[in-house]
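*Asks:* My questions concern the predicted model and sequence given below.
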Amino acid sequence: MIALKNEKEIKKIKEASHIVFLAHEAIKKAIRPGITTRELDKIGEDVIRANGANPSCKGYPQGSKNPFPATCCISVNDEIIHGIPSDRKLQEGDLVSIDIVADKDGYFGDAARSYVVGGNNPEAERLIKVTEECFWEGIKNAVIGNRISDISHAVQMHAEKNGYSVVREYQGHGVGFEMHEDPGVPNFGKPGRGPRLQEGMVIAVEPMINEGERYILEGDDGWTVYTEDGSLAAHYENTIVITKDGPKVLTMD
């Protein structure tokens with residue numbers, strides 16, 4: 001069931017989304033060669049808690065035998081998503097993707113960003129650029145009356161036009177009252193399919209783009225997802241709301 005949000009609820013989701021934005025900004029400033037992914041995770045958690053919110057990924061899902069142990073999913077190079085922060089030190093030229101979800105007063109915001117550590121990796125920089133472009137191409141179609149797969153198709157077409165592949169096993173999703181809600185938002189598919197977009201729908205659109213083939217491997221830790229061929233992967237995500245004036249991005253300020 002897709003839960004439409006009213007103006008008051010969207011305002012609360014925006015508050016959580018703003019905290020996610022602040023956490024990303026703090027981490028972005030701290031990224032450098034030699035810093036550990038665990039140190040970046042602590043920076044994100046400190047910002048979230050200082051702003052009266054909770055790190056939604058930490059301990060998720062409740063009751064699991066293998067809950068996610070950290071605030072941020074931090075994935076490096078061939079890690080696509082759900083990388084677990086550790087004492088691993090980032091190196092010059094690494095591609096690092098960071099996914100953060102925060103909840104405040106029962107409302108959730110979700111966003112992901114990718115960076116090149118220290119610069120000087122043109123291949124990684126191009127992949128990140130195209131991945132972000134995929135998001136923007138996708139949400140051009142996030143208008144009332146269109147269907148979910150109109151977003152999906154645009155993401156896929158832009159990625160493949162640039163020589164990249166789209167991860168198919170994981171997707172975007174509804175968000176707001178929970179971290180993951182209906183509808184699912186794939187990053188591939190034919191247009192004109194899936195639920196019709198309505199005013200008040202809040203969704204997380206999140207292209208996950210591989211430099212090489214689209215196939216994945218799931219790690220032994222039960223969380224980290226890798227590219228099967230060892231190629232680079234990038235991740236870009238924002239929480240958006242469908243309005244009568246078009247899509248509004250909630251996690252960019």
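*Replies:* Right, received. Where do you want to start?
*Asks:* show me where this protein has helices.
*Replies:* 7-30, 37-50, 122-139, 148-161 (DSSP state H).
*Asks:* which of these is buried the deepest?
*Replies:* helix 148-161 (a mean of 23; mean count of other C-beta atoms under 10 Å). Placement of C-beta: from N, CA and C, glycine included.
*Asks:* Now tell me what touches that helix from outside.
*Replies:* Helix 148-161 is contacted from outside by 130-131, 133-135, 137-142, 165-166, 183-195, 197, 205, 207, 209, using C-beta atoms under 8 Å, 6 or more residues apart in numbering.
*Asks:* Mind checking which of those are buried?
*Replies:* Neighbour-count burial (16 or more other C-beta atoms under 10 Å) is assigned, among these, to 130-131, 133-135, 137-139, 141-142, 165-166, 183-189, 191, 194-195, 197, 205, 207, 209.
*Asks:* circling back to that earlier point, dump the helices of the chain to JSON lines, plus distance to Val225.
*Replies:* Output for the helices of the chain, formatted as JSON lines (distance: least, C-beta to C-beta, whole Å):
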{"stretch": "helix 7-30", "distance to Val225": "20"}
{"stretch": "helix 37-50", "distance to Val225": "16"}
{"stretch": "helix 122-139", "distance to Val225": "15"}
{"stretch": "helix 148-161", "distance to Val225": "17"}
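*Asks:* Just put the ones you listed in TSV and tack on mean pLDDT and distance to Gly246.
*Replies:* Shown next, in TSV, are the helices of the chain (pLDDT from 0 to 100; distance: least, C-beta to C-beta, whole Å):
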stretch	mean pLDDT	distance to Gly246
helix 7-30	98	14
helix 37-50	99	29
helix 122-139	98	9
helix 148-161	98	13
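*Asks:* for the stretch 51-200 of the chain, what spans make up the strands?
*Replies:* Remark: strands assigned in the stretch 51-200 of the chain by DSSP state E, counting those that start in this stretch are 54-55, 72-76, 79-81, 95-104, 107-116, 165-166, 172-174, 181-185.
*Asks:* Please report the distance of the residue nearest to Leu95 when sequence neighbours are not counted from Val116.
*Replies:* With sequence-adjacent residues excluded and distances taken as C-beta to C-beta, 6 or more residues apart in numbering, Leu95 is closest to Ala124, at 4.2 Å. Distance, Ala124 to Val116, by C-beta to C-beta, to the nearest Å: 5 Å.
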